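Student: coords below, sequence missing:
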C-alpha cells in the first residue's frame, strides 16, 4: 500500500525549488518548441501539464516533466511529414494512450535493469552537455536554441567548433551579468546565512539583479546593454481572441492515417525510455533515497501527453536538466514540480512582458552550475577507484551521450556492461585448481555464488578435459543459485563419464533443492572398490528409474 504524501509538508523549500525550476524551464520550453518547428506556446503548454498533471500523478519526488530536447528531431520530421500541427497532435494523443497501456502492463520494471554506472555516466554526460551548450549563452552568443543537446548543430558545425565562435560574438554586458550571477549563486551555496534563506533562492536573486542591471544599462545608453534577441522571448497575446487561438486541438479524423500511428508509436517508445532513464537518475540524486514506481510514472506520462495533445502542447518526458535543477535547489517532494507548473501558467497569463526582460546569460549561469554538479570530478574518481569494469561503461556512456545522444549513449553503456557481466560470469562461476598430493592429482572445482546457464559451456569444457583416473571435488558450499542446465551437466558427469573414465567424484555443499546427493566424508583408507560400489548403485538406480518411467 502506497503511503499518502502530504504535499504541503515542505512548502517552504518546495516553493523555492519550484521557483528555480520555473526560471530554468521557461526558456527551455520555448527553445525546444522553436527547434521542433511547433508554435512557441506548445512548449509552454507541455511544461504546465508536465508540472501540474504529471507532477501530481507521479510518485517521483525529484523528477520534473516537460518538453524534451531528445524529441525535437522526431517532432520536426513528423510535423513536416504529416503536413499539419493538428495532425501531429493526434500522434501525441496516441502516444499517450500507448504509455498508459504500458504502465498498466508493468513495462516500467525494465528500469530495474539499468546499471548504476551507466546511469551515472548518462548524468555526467548531460552535465557536460549543459556546460558546453550554455557557455555561449553566458557570453551573449545565442545562435543556438535553448535546450539543444545535439552534438551536431543545424548548420553542420559541432558543439566544439561552435564554442570557438564565441570569441567573435562576445557581448560584454552578458559577460558582466554572467559573472555577477555566478558570484551570487556560489555565495548562496557556500555561505550558511544565505543558504538558510529558503524562500529566496540564489537563482531568483541572480535573475532579478540581471534584469535590474540590464535596465540600468539600457536607460543610461551603456554599450553593456543586452539587446532583445539575448533576452527571454515569450509570446505576448494582445487580446483574448488571440490567446484562444493558441489552443489547437488534435485532428481526430487523422486517426486512420498509418503515418500518424507510426509517429505515435515512435514518440511513445522514445519518451517512455527517456522517462525511465530520468526516473532512475532522479532516484539516484534523491538524498532521501526514495524509489519511484515506474509503472505509475508511465501512466502519469500517458495521461500528461493525452491532456497536452488536447490543449495543443508538445509531447513530454521526465527531463534530467529540470530534475537536476530541482534537486540542487533543495526540493523535498513533488510539490516543487507542481509549483513550477503553476508558476509557468500564471506567468504566461499575467506577466509575459516582465519575463521578457530576463537575460539568457543569467539563466545560462544557473544551468552551468547544474551541469557542474552532474559532472563533478569526484564522480569520475569514484568510478575510477571501483576498477575498469565499473569505469569503462561509465566513461563510454558519458562520451557517447555527449557525442551522439542520450539513448545511443545509454545503449552503448548497457551493451558494454552486459559484455563485462558475461565475461565475469564465465570467469567467476567456478575456480579450477590442481593440487598435487602423494596419491595423485586432486582437482577442485569451487562453484561461485551464482552459476547461470551462461556458464554451461565453460563448465562443460572443464569437465570434459578432466583426465582419466583422477579425483575431482566439486564444491557448492558458497552457491545461492545453480541453473538446472549446469546441475544436469554435473549429474551426467558423475553418473556416466566419471564411471567410464574411472574418475572419482566427490560432491560437497549441494543443497537439497539441487537434487544432487552430496558424497559422504571419505578418509584416506577408502578403496577404489568403494567408488565402484557407489557408481554401480547409481547405475542400478538409474536403470530402475528408467523401468519405472516405462
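Tutor: Nice, thanks for sending it over. Note that the coordinates shown come from a computational prediction; the quantities given were computed from them, not determined experimentally.
Student: from what I see, residue 178 and residue 366 are in contact.
Tutor: No. Contact status for residue 178 versus residue 366: not in contact, 10.2 Å apart, counting by C-beta atoms under 8 Å. Where you see a C-beta, it was placed from the backbone N, CA and C, and this is true even at glycine.
Student: the stretch 451-550 of the chain: strands as residue ranges?
Tutor: Secondary structure of the stretch 451-550 of the chain by DSSP state E, counting those that start in this stretch: the strands cover 471-475, 481-482, 504-508.
Student: adding mean neighbour count, write those out as JSON lines.
Tutor: Compiled in JSON lines, the strands of the stretch 451-550 of the chain are given as follows (neighbours: other C-beta atoms under 10 Å):
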{"stretch": "strand 471-475", "mean neighbour count": "19"}
{"stretch": "strand 481-482", "mean neighbour count": "18"}
{"stretch": "strand 504-508", "mean neighbour count": "19"}
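Student: least confident of those strands, on average?
Tutor: Lowest mean pLDDT of the strands of the stretch 451-550 of the chain: strand 481-482, a mean of 81.
Student: starting at the chain centroid, how far to it?
Tutor: 31 Å (C-alpha atoms, centre = their mean, to the nearest Å).
Student: so what strands line up beside that strand?
Tutor: strand 450-451 (parallel) (DSSP bridges).
Student: show the pLDDT at the nearest residue to residue 223 once chain neighbours are set aside.
Tutor: In this structure, residue 223 finds its nearest non-sequential neighbour in residue 172, 7.1 Å apart by C-beta to C-beta, 6 or more residues apart in numbering. Looking at residue 172, its pLDDT is 93.
Student: for the strands of the stretch 451-550 of the chain, give me CSV that also has distance to residue 299.
Tutor: What follows is the strands of the stretch 451-550 of the chain, written out as CSV (distance: least, C-beta to C-beta, whole Å):
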stretch, distance to residue 299
strand 471-475, 48
strand 481-482, 33
strand 504-508, 50
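Student: neighbours around residue 500, how many?
Tutor: Number of residues near residue 500 (other C-beta atoms under 10 Å) recorded here: 9.
Student: can you check residue 6 too?
Tutor: Count around residue 6 with other C-beta under 10 Å applied: 9.
Student: before we move on, what about residue 228?
Tutor: With other C-beta under 10 Å as criterion, residue 228 counts 9.
Student: what pLDDT is listed against it?
Tutor: With respect to pLDDT, residue 228 has a value of 89.
Student: and the one 5 residues further on, by the same measure?
Tutor: The predicted structure scores residue 233 at 84 on the pLDDT scale.
Student: ok so it is a helix residue?
Tutor: No. Counting by DSSP: H, G, I helix; E, B strand; the rest coil, one finds residue 233 to be coil, located in no helix.
Student: can you list the low-confidence ranges for the stretch 101-250 of the chain?
Tutor: Scanning the stretch 101-250 of the chain for pLDDT under 70 picks out the ranges 147, 149, 152-157, 198.
Student: show me the helices in it, by range?
Tutor: 116-138, 159-164, 172-190, 192-195, 202-219, 240-244 (DSSP state H, counting those that start in this stretch).
Student: hmm, back to that, out of the strands of the stretch 451-550 of the chain, which gets nearest to residue 264?
Tutor: strand 481-482 (41.3 Å; C-beta to C-beta).
Student: quick one: residues in contact with the closest one.
Tutor: For strand 481-482, the external contacting residues (C-beta atoms under 8 Å, 6 or more residues apart in numbering) are 447, 449-452, 476, 514.
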